[in-house]
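Q: no FASTA, just this:
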């Protein structure tokens, strides 16, 4: 089922770009370079939280943007007031996106240095979409990555995204919920995200519900009468063990059981949740509610959840808010968008950016991205970046080598080589349909499972190999030699 936002078709985001994209576009146009075919790559340099991998997300929103890329009369008038000449404004008025775009599918683990999005087409067009390529992919990949860390910390227990009210703006809440679902969350507190994307909206009551009634027991009984089949009670408004828990048990007995249902759970939102959950579990079991779950919330993240479980917390599910929806421990996904090649007389001319900071040196050329899987274990061995005209023949041995420490080499056999990216647009026309969100979420879990435990651990994860083909390595090093002499 497709979910669309109200009025989305009328929300023109074309002008959501850095102003320098427009100044450069005008310069390209007036210098006769506008139709030069160029290749730009999006990649990122480091994984948030010093993790071993990130999760690709945001492709659907990028697709929607590129499909509706037109300059409105309002955009044109704004640029006219900024002094742009009429010839260039006329070009923008009749602008039609005609680029080819490749991207890594959503939910796929990605690694630093990889071209996760590539745009090929007239340089003006490829330059103008820079901001939105980065905005769509950076934000959702950041949240999907954080969500996946939290989900893995929960060790199979459900994680709910509860961060709408603390998100960075309303789009941060809506699209953050989408990204969190891709990363493995079972649902969201954001009702709009169910309406727009089909993500299960979850939630029961706040402390204000309990405070509105003359007594905590009255509040619990009233709620249980309203929702006897889905009754989860928040038990920490006054005192978890002295009042909240006993009143919840009594409300279950008075209002839930007589209606033929079983209580779903109790939620603890403050205090020493590990200790409280152990006491609550014991009391619920003794009351005959062994099947009643315990939900924990309150500024959780992957490290707190991990420690709680190590210490014996009796938690069945987690509601995680601000630290997930803002990725507060590492709130920037540092994706960048760089020119990699231009076409001249039918030949690709590789382009490189050089820096004293070696991590900022780009990999030139029009490229492909491959992932090699071990046929026996099904695990990912390494990723390889090649030139676009190269193919990895997995019927033959393939030599991997570290692009920085080239003496580190390994020949792999009995493997499968998969081209990692899909073609999203061809000549400006969408040629790839984004899968249903539940399918993307399942793909994420499946692909994370192909990574070795050493790559997925939180502390000092193993460095996953992202190598260059020999041909691409030669191109890069030849350019480095030319530009640094």
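A: Noted; the coordinates are in hand. On a predicted model such as this, the values are computed, not experimentally measured, just so you know. Numbers count the residues shown, from 1 in each chain.

Q: mind pulling up the phi and psi values for the residue most central in space within the chain?
A: Centroid-nearest residue in the chain, with CA atoms, centre = their mean: residue 141, separated by 2.5 Å. Main-chain dihedrals, residue 141, degrees, to the nearest 10: phi -70, psi -40.

Q: what do you get for the one 5 residues further on?
A: Residue 146 adopts backbone torsions of phi -60, psi -40, taken as degrees, to the nearest 10.

Q: didn't it look like it was pressed against residue 51?
A: No. Using CB atoms under 8 Å as the test, residue 146 is too far from residue 51 to be in contact (9.2 Å). Glycine gets a C-beta too; all of them are placed from N, C-alpha and C.

Q: if I pick residue 444, what's in contact with it?
A: 55, 106-108, 144, 148, 182-184 (CB atoms under 8 Å, 6 or more residues apart in numbering).

Q: Let's see which of those residues end up in helices.
A: Mapping those onto helices (DSSP state H) picks out 144, 148, 182-183.

Q: thinking again about what came up before, specify which residue of residue 146 and residue 51 has the higher count of neighbours.
A: Ranked by neighbour count (other CB atoms under 10 Å), residue 146 and residue 51 place residue 146 first, with 32 against 20.

Q: contacting residues for the residue lying closest to residue 424 once chain neighbours are set aside?
A: In space, and not counting its chain neighbours, residue 424 is closest to residue 101: 4.3 Å by CB to CB, 6 or more residues apart in numbering. Applying CB under 8 Å, 6+ apart, we find residue 101 in contact with 66, 117-120, 423-425.

Q: which SSE is residue 475 in?
A: Using DSSP states H and E, residue 475 maps to helix 470-484.

Q: And for that helix, what's in contact with it?
A: By CB under 8 Å, 6+ apart, helix 470-484 touches 350, 352, 354, 361, 363-365, 367, 385-387, 390, 399, 401, 403, 406, 468.

Q: how about that helix: buried residues?
A: Neighbour counts over helix 470-484 (16 or more other CB atoms under 10 Å) mark 472-473, 475-476, 479 as buried.

Q: And for stretch 38-53?
A: For stretch 38-53, burial by neighbour count (16+ other CB under 10 Å) applies to 38-44, 47-49, 51-53.

Q: So what's the gap between it and the chain middle?
A: 12 Å (CA atoms, centre = their mean, to the nearest Å).

Q: Check the separation of the first and last residues in it.
A: 29 Å (CA to CA, to the nearest Å).

Q: What ranges does the stretch 51-200 of the chain have for its strands?
A: Here the stretch 51-200 of the chain has its strands, by DSSP state E, counting those that start in this stretch, at 54-55, 100-103, 109-110, 117-122, 158-161, 187-188.

Q: Let's have those in CSV, adding distance to residue 343 and mean pLDDT.
A: CSV is the format used below for the strands of the stretch 51-200 of the chain (distance: least, CB to CB, whole Å; pLDDT from 0 to 100):
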stretch, distance to residue 343, mean pLDDT
strand 54-55, 31, 98
strand 100-103, 12, 98
strand 109-110, 27, 98
strand 117-122, 9, 98
strand 158-161, 44, 98
strand 187-188, 44, 97
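
Q: Emit the ChimeraX select command for whichever of the contacts of helix 470-484 are buried.
A: Those of the contacts of helix 470-484 that count as buried under 16+ other CB under 10 Å are selected in ChimeraX with:
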select :350,352,363,364,365,367,385,386,387,401,403,468
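
Q: coming back round to it: which one of the buried residues of stretch 38-53 is nearest residue 222?
A: Checking these against residue 222 with CB to CB, the nearest one is residue 49 at 42.3 Å.

Q: For the closest one, give me its contacts.
A: Going by CB under 8 Å, 6+ apart, the list of residues near residue 49 reads 145-146, 149, 329-330, 458.

Q: Over to residue 14?
A: Residue 14 sits next to 68-72, 75 when contact means CB under 8 Å, 6+ apart.

Q: how about a cut-off of 7 Å?
A: Counting by CB atoms under 7 Å, 6 or more residues apart in numbering, residue 14 touches 69-72, 75.

Q: Quick one: buried ones out of these?
A: The buried subset of the contacts of residue 14 (16+ other CB under 10 Å) comprises 69, 71, 75.

Q: Just put those in a markdown table and tack on pLDDT.
A: Shown next, in a markdown table, are the buried ones among the contacts of residue 14 (pLDDT from 0 to 100):
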| residue | pLDDT |
| --- | --- |
| 69 | 94 |
| 71 | 95 |
| 75 | 95 |
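
Q: Now tabulate those in JSON lines and tack on distance to residue 260.
A: Output for those, formatted as JSON lines (distance: CB to CB, whole Å):
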{"residue": "69", "distance to residue 260": "55"}
{"residue": "71", "distance to residue 260": "61"}
{"residue": "75", "distance to residue 260": "60"}
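
Q: circling back to that earlier point, who wins for most neighbours among the contacts of residue 101?
A: Tallying neighbours with other CB under 10 Å puts residue 118 at the head of these, with 28 neighbours.

Q: can you pull up the bridge partners for that residue?
A: Listed by DSSP bridges, the beta-bridge partners for residue 118 are residue 41, residue 102.

Q: Endpoints of stretch 363-381, how far apart?
A: Stretch 363-381 has an end-to-end distance of 21 Å (CA to CA).
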